[in-house]
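Asks: 3D, please:
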Amino acid sequence: MIRNTLYTILISFVLLTGCAKKNTATQEVPELKEATTKAITLQKEGSLQESLVWYAQALKIKETPQLRNGAGTALLSSGATEAALKEFDRALTFTPSSPDLLANRGTALYLLKEYDDAHSSFDKALSYNPSHAEALNGKALVQLYQKNYESALVLFLQARKAAPKNAYIIYNTAIAFEATGLLEDAEKIFTQYIKMAPKDAKAFNGRGVTRLKLEKYAASAQDFNKAIALDPTAGKFYYNRGLLWQKQLKYPDAVKDYTRAIAYTPDNSASYVNRGDTYFLLDEKEKGCRDLKKACDMGLCEKLEAYKNINTCTD
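Replies: As a prediction, the model looks like this:
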């Protein structure tokens, strides 16, 4: 079964709570304080572009690592990851031993898929603060990506100890439990997270996958239904529900959900493979072969070759 739960990375926001020490002209201090306050307030409200305007204004008055970091986290949240990395690197020229900045830098590198550099940045943050929750979480996510599931789980549990109420870390811990095969633990942690974030569709999807593996089919269906209700255009949710219907021999329902999955995520070759397989079970071989050939065109040929070996889909 292809895992379709999402890995979520925690973005650390280490924001200014006040102005830097006064060493500018007296008349500039109120302007700096006003610009900084507006930048932070707008960022917290989610008005990221407006926030960046005010960070830029504050930086014109006085450059500080706190302001560079704040601008970096705003850029990171807005998807401008490379620009965010530049802000964190600049901030680190002022305070190179800041674990907060190093963790934020690692986050940006992780999102840029520069995993070795991200790992190094998280490690450096932990060298200054071994219980830094964001750095532990980030390092664990690198391990998770590299499929070192047990190592990732150990790090997530350390992160949870450091920040027991952090929702992102709780969610990531559930992912790691599921990845290591500790399904009962994963279900429990997903449930804990869902109580904290009852409108998070991916959490219901994650718990649905876990319950499917536990053969709790009715509960799994409820979770997938809830995930789809919260995010009706997420192809992965239909794909996972299709797996559930196929497991229960509800082939027409499976075909419908795989078709929906293809409509929303046409680049997922596994949807074509599974729909093709299901068509064969419905004795619709022509449709099945067509799907398997499509999947093979996308690089997933194993199932097509298996059918060819029994003289099917040979045209």
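
Asks: In the chain, where is pLDDT below threshold?
Replies: 1-28 (pLDDT under 70).

Asks: What is the longest helix seen in the chain packed up against?
Replies: Ranked by number of residues, the top helix in the chain under DSSP state H is helix 29-45. Helices and strands touching helix 29-45, by 3 or more C-beta pairs under 8 Å, 6 or more residues apart in numbering; DSSP states H and E, are helix 48-61, helix 65-77. From N, CA and C alone the C-beta is placed, and that goes for glycine too.

Asks: is it possible to export these to TSV including mean neighbour count?
Replies: Output for the helices and strands packed on helix 29-45, formatted as TSV (neighbours: other C-beta atoms under 10 Å):
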stretch	mean neighbour count
helix 48-61	19
helix 65-77	25
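
Asks: which stretch among these comes nearest residue 33?
Replies: For those, distance to residue 33 was read as C-beta to C-beta. The smallest value, 8.9 Å, belongs to helix 48-61.

Asks: got a list of what the nearest residue to residue 105 once chain neighbours are set aside touches?
Replies: Excluding its sequence neighbours, the residue lying closest to residue 105 (C-beta to C-beta, 6 or more residues apart in numbering) is residue 88, at 4.2 Å. Counting by C-beta atoms under 8 Å, 6 or more residues apart in numbering, residue 88 makes contact with 68, 69, 72, 101, 104, 105, 108.

Asks: Residue 311: which of the helices and strands packed on helix 29-45 is closest?
Replies: Comparing these by C-beta to C-beta, helix 65-77 comes nearest, at 54.3 Å.

Asks: what packs against that closest one?
Replies: Using 3+ C-beta pairs under 8 Å, 6+ apart, helix 65-77 is in contact with helix 29-45, helix 48-61, helix 81-92, helix 99-111.

Asks: deepest of the ones you listed, which one?
Replies: helix 99-111 (a mean of 26; mean count of other C-beta atoms under 10 Å).

Asks: what's downstream of that one, the next helix or strand?
Replies: For helix 99-111, the following helix or strand on the C-terminal side (DSSP states H and E) is helix 115-128.

Asks: what angle do that next one and helix 99-111 make?
Replies: Angle, helix 115-128 to helix 99-111, by axes from the mean of the first three to the mean of the last three C-alpha atoms, to 10 degrees: 170 degrees.

Asks: Name the residues of stretch 167-185 that are buried.
Replies: 167-179, 182-183, 185 (16 or more other C-beta atoms under 10 Å).

Asks: can you pull out the helices in the stretch 101-250 of the chain?
Replies: 115-128, 133-145, 149-162, 167-180, 183-196, 201-213, 217-230, 235-247 (DSSP state H, counting those that start in this stretch).

Asks: Including distance to residue 47, could those helices go into CSV?
Replies: Listed next are the helices of the stretch 101-250 of the chain as CSV, based on distance: least, C-beta to C-beta, whole Å:
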stretch, distance to residue 47
helix 115-128, 28
helix 133-145, 23
helix 149-162, 29
helix 167-180, 22
helix 183-196, 25
helix 201-213, 24
helix 217-230, 24
helix 235-247, 30
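
Asks: To residue 55, which of the ones you listed lies closest?
Replies: Using C-beta to C-beta, the nearest of the helices of the stretch 101-250 of the chain to residue 55 is helix 133-145, at 20.6 Å.

Asks: That closest one - contacts with which helices or strands?
Replies: helix 99-111, helix 115-128, helix 149-162, helix 167-180.

Asks: Any chance of CSV for the ones you listed, columns distance to residue 33?
Replies: Shown next, in CSV, are the helices and strands packed on helix 133-145 (distance: least, C-beta to C-beta, whole Å):
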stretch, distance to residue 33
helix 99-111, 22
helix 115-128, 29
helix 149-162, 32
helix 167-180, 31
